[in-house]
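Participant: Provided below for reference: sequence and predicted model.
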Amino acid sequence: MLISGEIKKYNPAPVKLILLMEALSVLVNQVFQVLLPWYILVSADSVLWLGVAGFATIAPSIFSSLWGGTLIDKIGRSKTMMFCEAIQLLLIAMIPVLIIFDKGKPAVISAIIFISGFFDEPGQMARRALLPSYTRLAGIPLHEATGIKEALDGIMSVIGPLAAGLVIAVYGPLKAWFCTVFLCLCIVMTALRLFNGRKPRIKRTNITYGQVLKNLYKDTFLFKVITLTLPLFILGQSWELLILPAYVHEHSYGSVFLGLMEAAFGLGAFAGALYFTSAGKRFKFFNLSAINYTAYAISVIVLMYNLPKSLVVAATALCGAPYGAFTAMVITIILSKVPEEARGKTLGVFAAGAALTESIFIMLIALLLNAFGLFNTLFSVSVLFALLILAALFAGRGEMRPPLS
């Protein structure tokens, strides 16, 4: 309660820096999603190598997500974020150097990506765990901040693939790798500014992973949210690193169209997340999850047939809108329902489950593409999403109100 005449001072600077870091990080990832598969296809001309590189991107997160939760508890969120971003900068900077000396073979690049993956997820977790504290400091609701975060993710998902496709087409992959290194340096500089402006760390009560799992099991709603969200990652990295590159490669559309396809989905996600910032309390989780999986199924089906490019791009953009709102809602639910001392490890459990799902399916989809071709692979995925739609509708029976307070 404020004393009469007292005006509470808000400080929006830290949350702005967090959101800037998020935007730059997504921009790097989106450039990476076009650059890596394109480089692998050009240098190795192999879908299986795409699967290996994709697996190397995701698999470390299974373990680093759990390690990251422990690291956050031990040294704090800001230090974890700073440390992980600095290590990733050094690793990514090695790639163009290796390419210059003709040592950038797919196996070597995949190995570097694999090592970098052990630091990617902990850095992201640390940023997410900081968000509630900084939104309170800025005096804005959490669901608005997560909506803005996802909207930034969406708009960077538009800019990143388009920029990557154009840079690759005009200047070649090597210059695109140097652009990625520069963006990583910008992330580290932003993290350093945020790190230097932080308050002294307050020692908090540590919570074990056993307690986290027990709390999740007791919270029926949160358990259902996480369980029903994990299948979202079936097409996580597989979509960007395998399916879209395979589709573009099969029809000989080129790197610019690959960037355009990924940008179209990002534009839809931007619109969906932006709407969530103002209308988040109107959404019901299970209804939105059913809509989201329906959109996923449609985005897969349109790639099964050689439809006009404009129609495919438009459908992909439309299907991105539910994703933007859905991901913003999931993060808001987790951050708002989990106590502060348990956020790091809860995010770690969620991220580990997501990475496990992604790593399994990225190899499975690579094998299906290699053995049965694009059409049959997409048909199998569409059947799976039809089952997920039914599961979401069944789980949402009796949901009377939005989960956000």
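Facilitator: Yep, that arrived.

Participant: quick one: low-confidence ranges for the chain?
Facilitator: Residues of the chain that meet the criterion pLDDT under 70 lie in 1-8, 45-47, 50, 197-206, 279-281, 398-405.

Participant: which parts of it are helices?
Facilitator: 13-44, 47-75, 77-100, 106-138, 142-171, 173-196, 209-218, 220-229, 236-238, 244-251, 255-279, 285-301, 309-337, 340-395 (DSSP state H).

Participant: what does the shortest one contact?
Facilitator: In other words, helix 236-238. For helix 236-238, contacts defined as C-beta atoms under 8 Å, 6 or more residues apart in numbering pick out 33, 54, 57-58, 354, 357-358, 361-362, 365-366. C-beta: built from backbone N, CA, C; applies to glycine.

Participant: would you turn those into JSON lines with distance to Ile92 and neighbour count?
Facilitator: Output for the contacts of helix 236-238, formatted as JSON lines (distance: C-beta to C-beta, whole Å; neighbours: other C-beta atoms under 10 Å):
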{"residue": "Gln33", "distance to Ile92": "14", "neighbour count": "25"}
{"residue": "Gly54", "distance to Ile92": "17", "neighbour count": "30"}
{"residue": "Thr57", "distance to Ile92": "12", "neighbour count": "26"}
{"residue": "Ile58", "distance to Ile92": "16", "neighbour count": "28"}
{"residue": "Ala354", "distance to Ile92": "22", "neighbour count": "22"}
{"residue": "Thr357", "distance to Ile92": "25", "neighbour count": "20"}
{"residue": "Glu358", "distance to Ile92": "20", "neighbour count": "26"}
{"residue": "Phe361", "distance to Ile92": "25", "neighbour count": "23"}
{"residue": "Ile362", "distance to Ile92": "20", "neighbour count": "29"}
{"residue": "Ile365", "distance to Ile92": "25", "neighbour count": "27"}
{"residue": "Ala366", "distance to Ile92": "23", "neighbour count": "25"}
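
Participant: would you format the residues you listed as JSON lines with distance to Thr377 included?
Facilitator: Shown next, in JSON lines, are those (distance: C-beta to C-beta, whole Å):
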{"residue": "Gln33", "distance to Thr377": "19"}
{"residue": "Gly54", "distance to Thr377": "14"}
{"residue": "Thr57", "distance to Thr377": "19"}
{"residue": "Ile58", "distance to Thr377": "18"}
{"residue": "Ala354", "distance to Thr377": "21"}
{"residue": "Thr357", "distance to Thr377": "17"}
{"residue": "Glu358", "distance to Thr377": "16"}
{"residue": "Phe361", "distance to Thr377": "11"}
{"residue": "Ile362", "distance to Thr377": "12"}
{"residue": "Ile365", "distance to Thr377": "6"}
{"residue": "Ala366", "distance to Thr377": "9"}
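
Participant: identify all contacting residues around stretch 283-300.
Facilitator: 224-225, 228-229, 231-232, 235, 243, 265, 276, 315-316, 318-323, 325-326, 329, 333, 378, 381-382, 385-386, 388-389, 392-393, 395-396, 399, 401-404.

Participant: check which residues of stretch 102-113 are buried.
Facilitator: 104, 106, 109-110, 112-113 (16 or more other C-beta atoms under 10 Å).
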